[in-house]
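Asks: Fold the following.
(2 chains)
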Amino acid sequence: MEEEYGRKTDRCLADSAVKIGTGLGVGIVLSVLFFKRRTWPVAFSAGMGLGMAYSNCQNDFRSPYLLHGHMVKDQ
Amino acid sequence: MLRVCLKGANAAARKCVCGKVAGHPLQHCRGYTSAGNSGVTAGKIVAASLLTVGGGLGGTILYAKWDPKFRANVEKTVPYSDQVFGMTLGAAPVLTLPKKPAKVEALQISSVSETIKESKQPKKEKKAKEAAPEKPPVVEETPAPPPPPPPPPQTIEEASAEAAHILSAIGEVPSVPAPGTSDKAPPAPPAEAAVEPAAGECKECAHEPALKERPAEEVTALLAAKDKAEEDILASLSSHLDETLGSSAKVTLAAIGAQEAALSAIAVHCQKLKEAMDAEGAPDKKSSQWRELEDALGQRSQAVDDAGAALLRAKDELEKLKEVIHVAKGSKIDAARPQVLAAEENLHSMIVDLDKVVGKVQSAQSEAKIVSQYSDLVNEAKAQFQKELDSITPEIKASWKGLAGKLSMDDLNSLIAHAHRRIDQLNRELAEQRVREQIHIETALEQQKLEHQKALEQAVVTALEHNREEMRLEQEKKVEEVREVMEAEMRTQLRRQAAAHTDHLRDVLKVQEQELRSEADETLKNKMQEQETGYRRLTQEQLDAFTLDMNAAYARLKGMEEAIDSHVIAEDEARKAHQLWLSVEALNYTLRTSGADAPTEPLEATAAVVRQSCADNEFAQALASALPGESLSRGIYSEASLRARFQDVRRLARRVALIDETRNSLYQYFLSYMQAALLMEPQQEAPPARLNGDDLNTFKLLSYAYYSMERGDLELAAKLLNQLQGEPRRVAQDWLNEARLTLETRQAVSLLSAYANAVGLGTTQAP
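Replies: Numbers count the residues shown, from 1 in each chain, chains lettered A, B, ... in the order given. Reported below is the predicted structural model:
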């Protein structure tokens, strides 16, 4: 169980790196392609990437405490 | 390797040459010449080096072929040289030492020649005494002194003799060279010379082994030598005897002949004298008779002298013979005795003959004396008559017979008267003579008697001596005969006695045999009976003892069986307990097999064994089955690994101390991390006996747990960690599970081992 924390952290970092990088890349692409090389799409995508990574990380760390409810349909 | 180098050198040289050639194809002439120059010099160098190397190799190989030691050295020092040598020269010769046996042989030969030399010394001495015919072999043998390496050529006889010498010399038996040499020596004259050295050597032989025990051969050799010596002495003696006998016989015969000649001469002389006396023949006849008588007298005297001389010589010879006989008698050799006796007899007979003849001669001489005396008397009477006649008739001359015619009557008458007167005178004288005759005769008889007596005595003495001699000789002869007879008789008697003895022995032996047999039979019978009775008794005893033993043994067996059964049961119990204990120990041991971070081996096998070994024990079964499944299948971690892991758990738990179900965002994670980093609290804290509410925060619990872990109290640590809440609890969950497993397993195992020990103690029997 001790490694779980480490694993999660690794995954989180890797994931965030990927997302941020991808975001950056997409932002660059978009900025280059569509937005006339403005910086704001880069920041935007990178931020999107970061946000997604953060959320993912948090979800990952929270996962043991999440309760999955089931809708019980009354007959 | 050398060839490789050579090849390399050659290649290099060639390259050098060819390179130069290839390098300048246009200027190939010049290049060639220049290359040729350098090639020549290079070639020269190469050739020279090749030559030297080849020469060295060839020289080495040749020298190795000649000197095997050098070859061995080279093979030792230079590797693979033995292969090279093997290829070129063939296998190395085996260095043996064949010279020693030759030396030994030489030594033997020298010893042989030395012994030859030694044994030849006495041989030489003897042979020096002997005559020339021995010289050629002596010459052959003399160049012996330095033993030459090839042995000198020797005849088979000499070699065999020398072999005998060597054997005798080696065996320390004094050599008896007498037989060998006496065989070679020519017999009689050097026999004496051979006898003396043989006797001398025999003496030596006698002296040498006087201290050692003589072997039979030696004794026989000595005896043979002695016999030989005796024989030689005998031969010499007999020869001597024969010689002297012969010579004395000759001389005696000569003497006898001379004596007889003297006798005859004396007889002739007497006869002649008598004739001369008696005969009244013619005067010239008378004168011839008288001359003859003188001749006869001369012959007689000569003969007598000769006889005397011959007698002396004969006497000398007889003396010599006597001496020889005495010596022969002194030598005390039995075989010579008959010869000696014969010689003595001969001597005696010769003496007797001589004496007889001498006696005859003496008697003849005495007769002759008488006759001469008679002749003298007659001559005297005649002279007296002549004187008377002359006194009466002085003018009558000597030969009166021729004067018969011249005589006158007166003369005749006077003559007749004278004659008558003479006759009367003569008658008176005759009567007187007759009267005196008796007296004379008596005196003469007495004289004669005396002389006879003397002669008789003499004769008696000589006869006595002769008789004595004869008697002695006869006695000796008789003694000899008797001795022989006695010997023969003794032999027969002895033989008879021996036969009788053997018969007696046979009988006695037979009787003894029978006696002994009967005795033996008796003893055998007795012994047999004894043995039988003894045997029967023994068997009976044995049977009784046996039945006794059997019963006892049966009883004991029964007892033993019961004891064994009980033992078996007890031992079974003990064995089972032991097995249980062993399996528990094995289980215990497996608990220790955990590595640093690896769990132990799965306890399934050992637990199964434990279950097996306590099949009939419920308690143990329950315990054995109380082991948690995880430990069976996977094994458990050791306390050390748990302790190490606890560190990580503690660190992590501290880092996520703020996280629980309600607070678990990333920000909270960050905060918790900051808290863990900034919070200072003692790492280890001794946990109180009772926990109160303040102690239930993560950090406190962790420090308590750390403290107890460090003190080895896993249980307390687990209990404390069990109080964790939220994420720290989740983080420590695995660790807790492991700790729980370990604790459970350990508890069960310790219970089992305690139980096994108890059971074992119970089942072990005090000695």
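Asks: In contact with the nearest residue to A:L50 once chain neighbours are set aside: list those residues for me.
Replies: Leaving aside its sequence neighbours, A:L50 sits nearest to A:I20 (CB to CB, 6 or more residues apart in numbering or on different chains; 5.2 Å). All C-beta atoms are positioned from the backbone trio N, CA, C, and that covers glycine. Contacts for A:I20 (CB atoms under 8 Å, 6 or more residues apart in numbering or on different chains) come out as A:46, A:49-50, A:53.
Asks: what distance separates the longest helix seen in chain A from the middle of the whole chain?
Replies: Counting by DSSP state H, the longest helix found in chain A is helix A:2-33. Distance, stretch centre to chain centre, for helix A:2-33: 7 Å (CA atoms, centre = their mean, to the nearest Å).
Asks: Show me which positions of it end up buried.
Replies: A:2, A:5, A:12, A:15-16, A:19-20, A:22-24, A:26-28, A:30-31 (16 or more other CB atoms under 10 Å in any protein chain shown).
Asks: tell me which of the residues you listed is nearest to B:D503?
Replies: A:E2 (132.4 Å; CB to CB).
Asks: how many neighbours does the residue of chain A found nearest chain B have?
Replies: Nearest residue of chain A to chain B: A:M1, at 3.9 Å (CB to the nearest CB). Around A:M1 there are 15 other residues, counting by other CB atoms under 10 Å in any protein chain shown.
Asks: So B:L273 sits against B:L293, correct?
Replies: Yes. Counting by CB atoms under 8 Å, B:L273 touches B:L293, with 6.0 Å between them.
Asks: okay, stretch B:544-563 in CSV with CA atoms only?
Replies: Only the C-alpha atoms of stretch B:544-563 are listed here, as CSV (Å, rounded to 0.1, in the frame of the first residue of the first chain):
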residue,chain,number,x,y,z
ASP,B,544,18.4,-80.8,31.1
ALA,B,545,20.2,-77.6,30.9
PHE,B,546,18.6,-77.0,27.6
THR,B,547,15.1,-77.6,28.8
LEU,B,548,15.8,-75.4,31.7
ASP,B,549,17.2,-72.8,29.6
MET,B,550,14.4,-73.1,27.2
ASN,B,551,11.8,-72.6,29.9
ALA,B,552,13.7,-69.8,31.3
ALA,B,553,14.2,-68.3,28.0
TYR,B,554,10.6,-68.8,27.1
ALA,B,555,9.5,-67.0,30.3
ARG,B,556,12.0,-64.3,29.7
LEU,B,557,10.9,-64.1,26.1
LYS,B,558,7.4,-63.6,27.2
GLY,B,559,8.5,-61.0,29.7
MET,B,560,10.6,-59.4,27.1
GLU,B,561,7.9,-59.4,24.6
GLU,B,562,5.6,-57.7,27.0
ALA,B,563,8.3,-55.2,28.0
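Asks: what's downstream of the host helix or strand of B:S238, the next helix or strand?
Replies: Using DSSP states H and E, the element containing B:S238 is helix B:216-278. Heading C-terminal from helix B:216-278, the first helix or strand you meet, by DSSP H and E, is helix B:283-331.
Asks: tell me how far that following helix is from the chain's mean position?
Replies: 75 Å.
Asks: Could you check the angle that helix makes with helix B:216-278?
Replies: In terms of direction (axes from the mean of the first three to the mean of the last three CA atoms, to 10 degrees), helix B:283-331 departs from helix B:216-278 by 160 degrees.
Asks: Mind checking the pLDDT average for the helix or strand just after helix B:283-331?
Replies: Next in sequence after helix B:283-331, counting helices and strands by DSSP H and E, comes helix B:337-392. Mean per-residue pLDDT for helix B:337-392: 78.
Asks: Which elements pack onto the helix or strand following helix B:337-392?
Replies: Remark: after helix B:337-392, the chain's next helix or strand is helix B:409-591, criterion DSSP H and E. Where contact means 3 or more CB pairs under 8 Å, 6 or more residues apart in numbering or on different chains; DSSP states H and E, helix B:409-591 is packed against helix B:337-392, helix B:604-613, helix B:726-763.
Asks: As TSV, those helices with distance to chain A and mean neighbour count would be great.
Replies: Output for these, formatted as TSV (distance: least, CB to the nearest CB, whole Å; neighbours: other CB atoms under 10 Å in any protein chain shown):
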stretch	distance to chain A	mean neighbour count
helix B:337-392	147	16
helix B:604-613	25	19
helix B:726-763	4	19
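Asks: Those into JSON lines, with extra columns for distance to B:I61?
Replies: Output for the helices and strands packed on helix B:409-591, formatted as JSON lines (distance: least, CB to CB, whole Å):
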{"stretch": "helix B:337-392", "distance to B:I61": "92"}
{"stretch": "helix B:604-613", "distance to B:I61": "75"}
{"stretch": "helix B:726-763", "distance to B:I61": "83"}
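Asks: and the helix holding B:S238, what other elements does it pack with?
Replies: By 3+ CB pairs under 8 Å, 6+ apart, helix B:216-278 packs against helix B:177-184, helix B:188-207, helix B:283-331, helix B:337-392.
Asks: Turn those into a markdown table, columns for distance to B:F546.
Replies: As requested, the helices and strands packed on helix B:216-278 are exported to a markdown table (distance: least, CB to CB, whole Å):
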| stretch | distance to B:F546 |
| --- | --- |
| helix B:177-184 | 82 |
| helix B:188-207 | 79 |
| helix B:283-331 | 91 |
| helix B:337-392 | 90 |
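Asks: Below-threshold pLDDT in the chain: ranges please.
Replies: You didn't pick a chain, so chain A it is. Across chain A, nothing is flagged by pLDDT under 70.
Asks: should've been chain B
Replies: Using pLDDT under 70, chain B drops low at B:1-39, B:92-215, B:277-284, B:286, B:332-336, B:389, B:392-407, B:594-596, B:765-767.
Asks: ok so, going back, against B:F670, how distant is the residue nearest to A:L50?
Replies: The span separating A:I20 from B:F670 equals 18 Å under the rule CB to CB, to the nearest Å.
Asks: And for B:D503?
Replies: If you measure B:D503 against B:F670 using CB to CB, the figure is 151 Å.
Asks: How about B:F699?
Replies: 18 Å.
Asks: Between those two, which is the more surrounded one?
Replies: Applying other CB under 10 Å to B:F699 and B:F670 shows that B:F699 carries more neighbours, namely 20 against 11.
Asks: Report the secondary structure state of the more buried one.
Replies: With DSSP: H, G, I helix; E, B strand; the rest coil as the basis, B:F699 sits in helix.
Asks: Quick check, it in contact with B:E681.
Replies: Yes. Between B:F699 and B:E681 a contact is recorded at 5.3 Å, counting by CB under 8 Å.
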